[in-house]
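Asks: Below are the sequence and a predicted model for it; my questions follow.
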Amino acid sequence: MSQDSPLAGRRAFLRSTLLGAAAVGAAAPGLLGQAGCDGPQPRPLAPGAPGVSAGRQVLWRLASSFPRSLDTIFGAAEVLSERVAAMTGGAFQIRVYPAGELVPALQVLDAVQQGTVQIGQSAGYYYIGKNPALAFDTCVPFGMTARQQGAWLWEGGGLELVDAMYADFGVRCLPAGNTGVQMGGWFKRAVPDLQSLQGLKMRIPGIGGRVMAELGVSVQNIAGGDIFPALETGAIDATEWVGPYDDEKLGFYKAANLYYQPGWWEPGPNLSIFVGERAWASLPAEYQQILRTAAFQAGVAMQTRYDQKNPEAFERLLAAGVQVQTFADEILARAREVAFQMYADAAAADPAYRRVYEPWEQARRRHAAWWGQAELAYQRFAFGG
């Protein structure tokens, strides 16, 4: 299976992606059109225009892990589809299906691997049962923020490591969005200390769920569309999801009005587009570049939409009587201790895990040292008053 080369190759890919987009734009002046709220808006090319493979018709199906109601996460897949169609004059069509319509929400990677669909939208940490290090594609507890995660993936060699993992499944991975730092979730009862976590039934996936389990929580992994009924009926006592905008849409505040912060398990979760290797290889080179560019644009759209919509939704939640709580320092300290011990143990036991973890940890430390200076100094003053 052909793979991107190490870091120099990844940077060459980035240059070629940008040059490819520029070439398409040169072939059709004004392709990018006017900038909108989610970035430049492509204008369609006529099939057969220079730089596009003679309007070759391609129809793919995309399975998402997210319901249509979550228009910011799921909407990024729609942005991807729209951009690809626009930049190929409608010749390359991707039909987007929400969670459960083609495959269950947590089986998107399987569906792409098996060829049930050509492409999927999901999160790597949903599949840590297949490879624990896939969590680093998304994020891990006390890890990197959205900008830090993006820097590591695109410029710090992270994507080469991620590519190597997904190659085992015959899948390529394209980073395509981030929610930014998340909230700590909705609780039906207060959790003021470590003891209060004992026996708590909580929906929380990934490594964060494993850490919570070590703290005494009864962890469940429930797809987004099924969380509210479980919270409302008492099947679970708490849930995490994303942040104010999505949480408001899902109605969690109607079933639990204690809103905890911070979401230490997801400080900057990257969402991914999975492409089957065979499907990828079947595309003309121009379509591959267009798909990469569209995934990048979809990612920008997701992040900027959350950044705009979360503050407005947060105001509405406060007006509805939601009570914001902060996790006790003893919870945060113990959770961090457990998390990093898990990483160290996994790295000691598994050389493949160690190949991802060690460079990630070096990058995290560098980012923490720098961001703890200028960024943190500004935020303490500007946001604290």
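Replies: It's in. Residues are numbered from 1 along each chain as shown.

Asks: Give me the neighbour count for Tyr378.
Replies: The local packing count at Tyr378 equals 10, with neighbours defined by other C-beta atoms under 10 Å. From N, CA and C alone the C-beta is placed, and that goes for glycine too.

Asks: Which strand or helix spans it?
Replies: Secondary-structure element containing Tyr378, defined by DSSP states H and E: helix 374-382.

Asks: Report the secondary structure state of the nearest residue to Ser81 once chain neighbours are set aside.
Replies: Nearest in space to Ser81, with sequence neighbours left out and distances taken as C-beta to C-beta, 6 or more residues apart in numbering, is Ile94 at 4.2 Å. Per DSSP: H, G, I helix; E, B strand; the rest coil, the secondary structure class of Ile94 is strand.

Asks: repeat for Val324
Replies: Three-state call for Val324 (three-state DSSP): strand.

Asks: List the residues that contact it.
Replies: 259-261, 318 (C-beta atoms under 8 Å, 6 or more residues apart in numbering).

Asks: Going along the chain, name the helices of the stretch 201-350 of the chain.
Replies: Secondary structure of the stretch 201-350 of the chain by DSSP state H, counting those that start in this stretch: the helices cover 206-214, 227-233, 244-250, 277-281, 285-319, 329-349.

Asks: between those helices, which one is nearest to Leu59?
Replies: Distance to Leu59, taken as C-beta to C-beta, is lowest for helix 277-281 among the helices of the stretch 201-350 of the chain, at 11.3 Å.

Asks: So what's the model's average confidence on that closest one?
Replies: Per-residue pLDDT over helix 277-281 has a mean of 97.

Asks: And the contacts of that helix?
Replies: Helix 277-281 is contacted by residues 1-2, 60, 115, 118-119, 167, 170-172, 288 when judged by C-beta under 8 Å, 6+ apart.

Asks: Quick one: which of those is the most crowded by neighbours?
Replies: Ranked by neighbour count (other C-beta under 10 Å), the contacts of helix 277-281 have Ile119 at the top, with 30 neighbours.

Asks: so who does it touch?
Replies: 60-63, 94, 112, 273-276, 279.

Asks: how does it look with 10 Å?
Replies: Ile119 is in contact with 60-64, 77, 80-81, 84, 94-96, 108, 111-112, 171-172, 174, 273-276, 279-280, 291, 295, counting by C-beta atoms under 10 Å, 6 or more residues apart in numbering.

Asks: List only buried entries from those residues.
Replies: By neighbour count, with 16 or more other C-beta atoms under 10 Å, the contacts of Ile119 hold 60-64, 77, 80-81, 84, 94, 96, 108, 111-112, 171-172, 174, 273-276, 279-280, 291, 295 as buried.

Asks: ok but Arg172 is inside a strand, no?
Replies: Yes - applying three-state DSSP, one finds Arg172 inside a strand.

Asks: Would you check how far apart Ala333 and Leu194 are?
Replies: 10 Å (C-beta to C-beta, to the nearest Å).
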